[in-house]
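Asks: sequence and predicted structure below; questions after.
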Amino acid sequence: MTSEAEPAAKMPRFAPKLLIVGGAAALVLLLLVGGLGWWLWPSAPVSPRAKTLVHKDAVPAVATASAAVSASSAAAAASEVAVAAASAPVAESPASAPLQTHDAGDVPPQPAQAQAAPPADEAPLDRLQRRLGQVLGARGEVNTALGGEWRVVTRAVPVSRTTQDAPQRQVPMPAAGHAAAAVHWTYEGRGGPQAWGHMKPEFHACANGQRQSPIDIRDGLSLELEPVLFDYHPSRFGVIDTGHTVQVNLAPGNSIDINGRRYELLQFHFHRPSEERINGRQFDMVVHLVHKDAEGRQAVVAVLLERGAAQPLLQAVWNNLPLEKGEEAKARSLIDLSELLPSERGYYTYMGSLTTPPCSEGVLWVVMKQPVQLSSAQIDIFSRLYPMNARPIQQASGRLIKQSQ
């Protein structure tokens with residue numbers, strides 16, 4: 001008995017207390033892990049109208065943390081999960097900062113993000129780690145290369161009521177005129193005639209003018225009008241494809257005299273089909289000869305073109321078509337515009353506008369009654385470039401139309 005009692009006497013007196021404290025710590029740790037697992041494993045979904053507490057100064061500390069928990073050591077993983085849960089910024093004490101309570105229904109619903117399905121053989125501890133990240137608002141991924149570590153990729157930042165209720169800055173939308181100005185005017189589509197008047201302020205008359213052209217010429221007053229005096233001579237010329245038509249620029253020296261006023265010829269260009277109509281009839285093409293007087297007033301002579309024999313002057317123009325749009329091709333030959341006029345010089349006249357933007361009004365129109373012929377081949381050449389470049393008919397609006405007898 002003496003030999004067995006001696007070792008017991010040598011045992012430190014605090015040994016029983018150490019064993020008791022260690023056992024109690026192990027029991028507390030076991031209860032903590034079990035309770036945390038029960039809390040993170042809800043049996044029913046949370047109502048979307050549930051009250052949530054969001055601290056106004058809460059900063060997502062887990063946004064940059066890796067939160068990597070190794071699945072190889074159960075004790076180390078449990079301790080790291082407990083530390084992550086304790087460091088999550090859910091709330092502070094009332095003495096440090098007040099809490100703001102709001103209804104989750106006040107925040108607009110966010111589009112649900114697709115969650116990757118957990119593997120079928122997922123261990124309970126791995127599921128516990130993944131659920132912890134979800135509760136903390138984190139989105140993670142399992143890295144199989146690192147032994148099944150679950151890493152935090154990003155964390156959703158809570159939206160406070162103050163941010164939600166803040167007025168949103170309105171982005172100013174461009175005015176209709178400015179937005180349309182980026183679209184160049186054309187004869188079809190978005191930039192077609194219906195949109196011209198809204199593209200630029202200077203195009204206002206295209207939509208709101210009261211004396212617009214072209215018109216369907218009907219019921220003109222038959223009067224003894226003075227003839228138009230054409231003073232055309234052989235001239236040098238240049239041909240340019242404007243992107244809207246084929247235009248011929250002329251050297252100075254050609255003019256007309258009408259009602260005692262002289263107008264200088266500046267250029268002529270073509271439309272297909274004819275923009276003007278005579279008692280409802282539309283022609284294959286039309287050529288507009290644009291003149292201007294010393295005061296800037298404009299007069300346009302319209303010569304209607306119909307299918308028939310070839311026209312030599314038009315062929316000279318086609319022969320000098322430029323290869324590129326916007327580049328003027330200077331011709332070496334001369335043209336005499338009197339060859340483009342009909343033999344009969346009767347005409348219609350009325351006040352109208354330009355038929356292209358800016359659709360300026362106050363233009364004197366002289367429309368020759370007799371059409372001039374051109375061949376099918378000559379029509380086809382222009383059609384290859386511009387199959388249709390005619391503005392629709394505009395309202396006559398009670399305008400006076402006169403015609404020579």
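Replies: Cool, got the structure. Numbers count the residues shown, from 1 in each chain.
Asks: correct me, but residue 306 touches residue 371?
Replies: Yes - between residue 306 and residue 371 there is a contact under Cβ atoms under 8 Å: 4.5 Å. Placement of C-beta: from N, CA and C, glycine included.
Asks: looking at these two, which has the bigger crowd around it?
Replies: Neighbours per residue, other Cβ atoms under 10 Å: of residue 306 and residue 371, the larger number sits with residue 371, 20 against 15.
Asks: mind listing what the more buried one touches?
Replies: Residues near residue 371 by Cβ atoms under 8 Å, 6 or more residues apart in numbering: 283, 303, 304, 305, 306, 342.
Asks: go through stretch 205-216 and flag the buried ones.
Replies: 205, 206, 209, 211, 212, 213, 214, 215 (16 or more other Cβ atoms under 10 Å).
Asks: overlap in contacts of residue 306 and residue 371?
Replies: Here residue 306 and residue 371 have residue 283 as joint contacts, going by Cβ under 8 Å, 6+ apart.
Asks: helices of the stretch 251-400 of the chain, residue ranges please.
Replies: Taking DSSP state H, counting those that start in this stretch as the test, the helices found in the stretch 251-400 of the chain are 312-319, 376-385.
Asks: did I read that right, residue 239 in a helix?
Replies: No - assessed with DSSP: H, G, I helix; E, B strand; the rest coil, residue 239 is strand; it does not lie in a helix.
Asks: got a list of what it touches?
Replies: Contacts of residue 239 (Cβ under 8 Å, 6+ apart): 246, 247, 248, 317, 320, 321, 322, 328, 329, 331.
Asks: go again with 7 Å.
Replies: By Cβ atoms under 7 Å, 6 or more residues apart in numbering, the contact set of residue 239 is 246, 248, 317, 320, 321, 322, 328, 329, 331.
Asks: which of those fall in strands?
Replies: 246, 248, 328, 329, 331 (DSSP state E).
Asks: now do the last one, the pLDDT please.
Replies: Looking back up the chat, that one is residue 331. Note for residue 331: predicted pLDDT of 97.
Asks: excluding sequence neighbours, find me the nearest residue to it.
Replies: Nearest in space to residue 331, with sequence neighbours left out and distances taken as Cβ to Cβ, 6 or more residues apart in numbering, is residue 320 at 4.4 Å.
Asks: ok, the one you found touching residue 329?
Replies: Yes - the criterion here is Cβ atoms under 7 Å, and residue 320 meets it with residue 329 at 5.2 Å.
Asks: shouldn't residue 225 be within a strand?
Replies: No - Residue 225 is assigned coil when assessed by three-state DSSP, not a strand.
Asks: and the residue nearest to it when sequence neighbours are not counted, how far is that from residue 294?
Replies: Spatial nearest neighbour of residue 225, chain neighbours left out: residue 404 (4.2 Å); criterion: Cβ to Cβ, 6+ apart. Counting by Cβ to Cβ, to the nearest Å, the gap from residue 404 to residue 294 is 26 Å.
Asks: neighbour count: the two, which is higher?
Replies: residue 404 (19 against 9).
Asks: still on that earlier bit, more neighbours, residue 320 and residue 329?
Replies: The residue with more neighbours, out of residue 320 and residue 329, is residue 320; 19 against 15, by other Cβ under 10 Å.
Asks: which residues does stretch 394-405 contact?
Replies: Residues from elsewhere that reach stretch 394-405 (Cβ under 7 Å, 6+ apart): 210-215, 217, 220-225, 346-351.
Asks: could I have the CA atoms of it written out in PDB?
Replies: Extracted C-alpha coordinates of stretch 394-405, given in PDB (Å, rounded to 0.1, in the frame of the first residue of the first chain):
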ATOM      1  CA  GLN A 394     -47.300  68.500-101.000                       C
ATOM      2  CA  GLN A 395     -50.600  70.300-100.300                       C
ATOM      3  CA  ALA A 396     -51.500  73.000-102.800                       C
ATOM      4  CA  SER A 397     -53.200  74.900 -99.900                       C
ATOM      5  CA  GLY A 398     -55.300  77.100-102.200                       C
ATOM      6  CA  ARG A 399     -52.300  78.500-104.100                       C
ATOM      7  CA  LEU A 400     -52.900  80.400-107.300                       C
ATOM      8  CA  ILE A 401     -51.500  78.400-110.300                       C
ATOM      9  CA  LYS A 402     -51.300  80.100-113.700                       C
ATOM     10  CA  GLN A 403     -50.600  78.600-117.100                       C
ATOM     11  CA  SER A 404     -49.700  80.200-120.400                       C
ATOM     12  CA  GLN A 405     -52.100  79.800-123.300                       C
END
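Asks: distance of residue 253 relative to residue 361?
Replies: Distance of residue 253 to residue 361, computed by Cβ to Cβ: 28 Å.
Asks: make that residue 235, sorry
Replies: Distance from residue 235 to residue 361, by Cβ to Cβ: 29 Å.
Asks: what of residue 296?
Replies: 13 Å.
Asks: more neighbours, these two?
Replies: residue 361 (15 against 7).
Asks: who is the more buried one paired with across the strands?
Replies: residue 353 (DSSP bridges).
Asks: OK, contacts around it?
Replies: 205, 209, 211, 353.
Asks: so how many other residues sit close to residue 319?
Replies: 12.
Asks: next one: residue 192
Replies: Residue 192 - counted by other Cβ under 10 Å - has 14 other residues nearby.
Asks: so it touches residue 186, yeah?
Replies: Yes - counting by Cβ under 7 Å, residue 192 touches residue 186, with 6.0 Å between them.
Asks: could you chop this protein up by domain?
Replies: By the record's domain assignment, the chain is partitioned as 53-89+123-164, 173-208, 210-404 (automatic domain parsing).
Asks: could the ones you listed be laid out in a markdown table, adding distance to residue 20?
Replies: As requested, the domains of the chain are exported to a markdown table (distance: least, Cβ to Cβ, whole Å):
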| stretch | distance to residue 20 |
| --- | --- |
| domain 53-89+123-164 | 21 |
| domain 173-208 | 76 |
| domain 210-404 | 98 |
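Asks: to residue 25, which of these lies closest?
Replies: domain 53-89+123-164 (12.4 Å; Cβ to Cβ).
Asks: distance of the nearest residue to residue 324 once chain neighbours are set aside from residue 127?
Replies: Closest residue to residue 324 apart from its sequence neighbours, by Cβ to Cβ, 6+ apart: residue 241 at 7.6 Å. Going from residue 241 to residue 127 by Cβ to Cβ gives 73 Å.
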